[in-house]
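> Need a 3D model of the sequence below.
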Amino acid sequence: MLSTMQDVQLTVTRILKHGMTIHGKSLITTWTGEPEPQRRTFAETGARATQLANALRDELGVTGDQRVATLMWNNAEHVEAYFAIPSMGAVLHTLNLRLPPEQLVWIVNHAADRVVLVNGSLLPLLAPLLPHLPTLEHIVVAGPGDRSVLEGVAPRVHDYEELIAGRPTTFDWPELDERSAAAMCYTSGTTGDPKGVVYSHRSIYLHSMQVNMAESMGLTEKDTTLVVVPQFHVNAWGLPHATFMTGINMLMPDRFLQPAPLAEMIEREKPSHAAAVPTIWQGLLAEVTAHPRDLSSMSQVTIGGAACPPSLMEAYDKLGVRLCHAWGMTETSPLGTMAHPPAGLTDEEAWPYRVTQGRFPAGVEARLVGPGGEHLPWDGESAGELEVRGTWIAGSYFGGVDGEAIRPADKFSEDGWLKTGDVGVISPDGYLTLTDRAKDVIKSGGEWISSVDLENAIMAHPEVAEAAVVAVPDEKWGERPLATVVLKEGATVDYAALKEFLGQSVAKWQLPERWSIVEAVPKTSVGKFDKKVIRRQYAEGELDVTQL
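Numbering: from 1, shown residues only. Now for the predicted structure:
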């Protein structure tokens with residue numbers, strides 16, 4: 001028996017049309033560094049996205065599912081590309097501007113990008129790559145920048161505003177299959193070549209609905225979200241699509257991602273929500289501690305990409321800003337969990353829930369798998385590798401233009417679940433607590449030590465800014481933890497005091513014997529601690545290590 005329901009395709013086009021009509025007065029505010037930011041309504045943004053689609057088709061010859069790349073900051077023009085490119089049937093490919101040049105070259109060639117939209121300020125990054133990018137036919141430059149760096153190395157170059165000027169504000173949008181490709185991102189390639197994840201119109205639509213659920217970010221058109229998480233990082237965690245679905249106003253920082261301008265944005269524009277990785281909020285905390293600013297408008301902050309130290313949550317609680325843990329990956333679109341405590345709890349009772357990664361939404365199924373392949377119970381104690389599946393979870397990787405989808409056995413189970421590489425436990429009521437990455441857990445004397453637990457405990461010390469812990473070889477125990485620590489300015493604490501402090505919350509046998517003070521913890525292109533760099537630095541004798 002079939003239903004009597006209409007079969008309407010879930011596409012990005014429908015989100016675009018809804019946002020520019022029903023929520024046409026909502027605003028995208030882009031920080032410019034000038035006295036007044038750029039402001040553009042959803043209606044204006046939608047009209048300009050339509051003009052961009054016309055230009056891509058009529059002037060640049062994008063007529064099918066060609067890949068159109070973006071190398072851009074978070075701004076209104078990037079949002080226009082987010083909607084124009086998928087809605088016309090092409091595939092949006094956001095390029096991570098923080099990746100090494102050789103990885104960017106590999107990614108562009110693997111995806112066979114035909115057009116790239118680039119902010120003028122990023123031309124010095126793009127220009128040296130162009131001789132190695134044979135599939136690129138057009139470069140579209142948005143905003144000011146030194147275009148002379150493109151001379152002699154670039155294909156056809158267009159100015160964004162000139163390209164869309166005078167174009168029609170209507171477009172015969174195609175009726176797309178909701179399972180067709182809409183956008184793609186590549187993993188950061190911490191091991192091996194980056195892997196391409198291709199999102200469907202359907203997955204984006206359903207993910208956007210989940211972002212807007214009360215158990216997730218739960219924002220409405222009364223809210224303004226400060227979108228710090230880059231638009232090249234898993235589609236800015238789905239926020240540009242989710243905002244057009246519900247009329248949430250967007251505050252876009254463009255290239256002004258330093259703590260001081262972010263503090264000024266929050267004080268002047270008064271966003272009620274923000275989203276970024278922990279390192280952003282650590283930097284902002286240091287800024288407002290030294291130069292107080294009014295952050296009180298932000299009732300909620302979504303924090304993900306890496307585990308948030310509980311001490312950072314506590315510091316923001318004192319400022320009246322509530323940090324909410326989220327977990328996800330490029331392969332999960334990325335929303336996998338959010339850490340809203342159950343209803344009816346006191347602040348003290350809610351705290352253990354807040355420091356977890358959170359609870360799974362209805363669209364994500366989860367299971368824990370032990371080292372022997374056994375499925376483990378959700379008892380809050382049995383630790384295993386997290387595997388997930390769902391309507392916005394990847395089932396394979398992009399195999400290249402002429403290649404088939406790739407499903408490596410170390411990334412996908414035989415029955416199709418995504419192997420996340422995260423180790424943790426799940427409580428009986430579905431709250432996930434990650435104890436480590438499978439590749440980062442410290443295997444010492446037949447026991448596991450969580451590097452994340454050690455890091456959080458060290459960062460709770462008032463004189464510590466950051467800390468990263470890695471496993472290093474040990475003749476007696478196989479592996480032992482090495483703690484690399486970034487001290488706050490003017491700090492006087494020594495290694496012995498740090499170890500004593502750590503011993504107040506960590507079992508004695510887990511305490512690191514090896515310590516090193518560093519200027520900064522190396523980070524990946526998306527702001528996570530880059531532990532493979534620390535391990536290499538230790539192996540090559542680059543760290544000044546003290547053994548207690």
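
> what does the longest helix belonging to the chain contact?
In the chain, assigned by DSSP state H, the helix with the most residues is helix 42-58. Helix 42-58 is contacted from outside by 16-17, 19-21, 23-28, 40, 62-63, 68, 76, 79-81, 83-85, 87-88, 90, 115, 163-165, 167-171, 173, 244, 247, using CB atoms under 8 Å, 6 or more residues apart in numbering. Just so you know, the C-beta spots here come from the backbone N, C-alpha and C atoms, and that holds for glycine as well.

> Now, these that are in strands?
Within those, residues falling in strands by DSSP state E are 27-28, 40, 68, 115.

> from the residues you listed, which single one is nearest Ser505?
Checking the ones in strands among the contacts of helix 42-58 against Ser505 by CB to CB gives Ile28 as the nearest, at 44.0 Å.

> coming back round to it: tell me the buried residues within the contacts of helix 42-58.
With burial judged by 16 or more other CB atoms under 10 Å, the buried subset of those is 16-17, 19-20, 23-24, 26-28, 40, 62, 68, 76, 79-81, 83-85, 87-88, 90, 115, 163-164, 167, 171, 173, 244, 247.

> Just the ones of those residues in helices?
If you go by DSSP H, the buried ones among the contacts of helix 42-58 have 16-17, 19-20, 76, 79-81, 83-85, 87, 163-164, 244 in helices.

> Nearest to Ala507 among the ones in strands among the contacts of helix 42-58?
Among the ones in strands among the contacts of helix 42-58, and counting by CB to CB, the member closest to Ala507 is Ile28, at 50.0 Å.

> Now tell me which helix or strand of the chain has the poorest mean pLDDT.
When each helix and strand of the chain is scored by mean pLDDT, DSSP states H and E, strand 447-449 comes last, with a mean of 77.

> got a list of what the spatially most central residue of the chain touches?
Taking CA atoms, centre = their mean, the centroid of the chain lies closest to His233, which sits 4.2 Å from it. Counting by CB under 8 Å, 6+ apart, His233 makes contact with 96, 185, 305, 526.

> Please report how far it lies from Pro100.
Noted for His233: a distance of 16 Å to Pro100, by CB to CB, to the nearest Å.

> returning to what we had before: just want the angle from the longest helix of the chain to helix 76-87.
On the basis of axes from the mean of the first three to the mean of the last three CA atoms, to 10 degrees, helix 42-58 is oriented at 60 degrees to helix 76-87.

> in the stretch 301-450 of the chain, which spans are strands?
Ranges of strands within the stretch 301-450 of the chain are 323-327, 337-338, 358-359, 364-369, 375-376, 384-390, 418-426, 431-437, 442-444, 447-449, based on DSSP state E, counting those that start in this stretch.

> which stretches of the stretch 401-548 of the chain have low pLDDT?
Within the stretch 401-548 of the chain, the stretches with pLDDT under 70 are 446.

> Can you list the residue ranges for helices in it?
Shown for the stretch 401-548 of the chain, the helices assigned by DSSP state H, counting those that start in this stretch span residues 451-459, 495-502, 531-539.

> deepest of those, which one?
Most buried of these by mean neighbour count (mean count of other CB atoms under 10 Å) is helix 451-459; its value is a mean of 23.

> could I have that helix exported to PDB, CA atoms only?
What follows is helix 451-459, C-alpha atoms only, in PDB (Å, rounded to 0.1, in the frame of the first residue of the first chain):
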ATOM      1  CA  SER A 451      44.800  12.000  26.200                       C
ATOM      2  CA  VAL A 452      41.700  14.200  26.300                       C
ATOM      3  CA  ASP A 453      41.100  13.700  30.000                       C
ATOM      4  CA  LEU A 454      44.700  14.600  30.800                       C
ATOM      5  CA  GLU A 455      44.400  17.700  28.600                       C
ATOM      6  CA  ASN A 456      41.200  18.900  30.200                       C
ATOM      7  CA  ALA A 457      42.700  18.400  33.700                       C
ATOM      8  CA  ILE A 458      45.900  20.300  32.800                       C
ATOM      9  CA  MET A 459      43.900  23.200  31.200                       C
END
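
> and it, what other elements does it pack with?
Other elements packing on helix 451-459 under the criterion 3 or more CB pairs under 8 Å, 6 or more residues apart in numbering; DSSP states H and E are helix 310-318, strand 431-437, strand 464-474, strand 478-487, helix 495-502.

> who's in contact with the fourth one?
Defining contact as CB under 8 Å, 6+ apart, one finds that strand 478-487 is touched by 442-445, 449, 451, 454, 458, 463-474, 493, 498, 510, 512-521, 534, 538, 543, 545.

> And the last one, by the same measure?
Taking CB under 8 Å, 6+ apart as the criterion, the residues outside helix 495-502 that touch it are 454, 457-458, 461, 464, 483, 485, 493, 511-512, 515, 546, 548.

> Considering the residues you listed, which is situated nearest to Ser505?
Among the contacts of helix 495-502, and counting by CB to CB, the member closest to Ser505 is Ala457, at 4.9 Å.

> which one of the helices and strands packed on helix 451-459 lies closest to Ser216?
strand 431-437 (14.5 Å).

> Show me the contact partners of that closest one.
By CB under 8 Å, 6+ apart, strand 431-437 touches 307, 327, 336-337, 339, 353, 355-360, 366, 380, 383, 386, 421-427, 441, 448, 450-453.

> Count residues in the vicinity of Gly283, would you?
18 (other CB atoms under 10 Å).

> Contact partners for the residue lying closest to it once chain neighbours are set aside?
Nearest-residue entry for Gly283: Pro259, 4.3 Å, with adjacent residues in sequence omitted and distances by CB to CB, 6 or more residues apart in numbering. Contacts for Pro259 (CB under 8 Å, 6+ apart) come out as 283-284, 286-288.

> List buried residues within these.
Members of these classed as buried by 16+ other CB under 10 Å are 283-284, 287-288.

> Out of these, which is nearest to Ile139?
Gly283 (32.5 Å).
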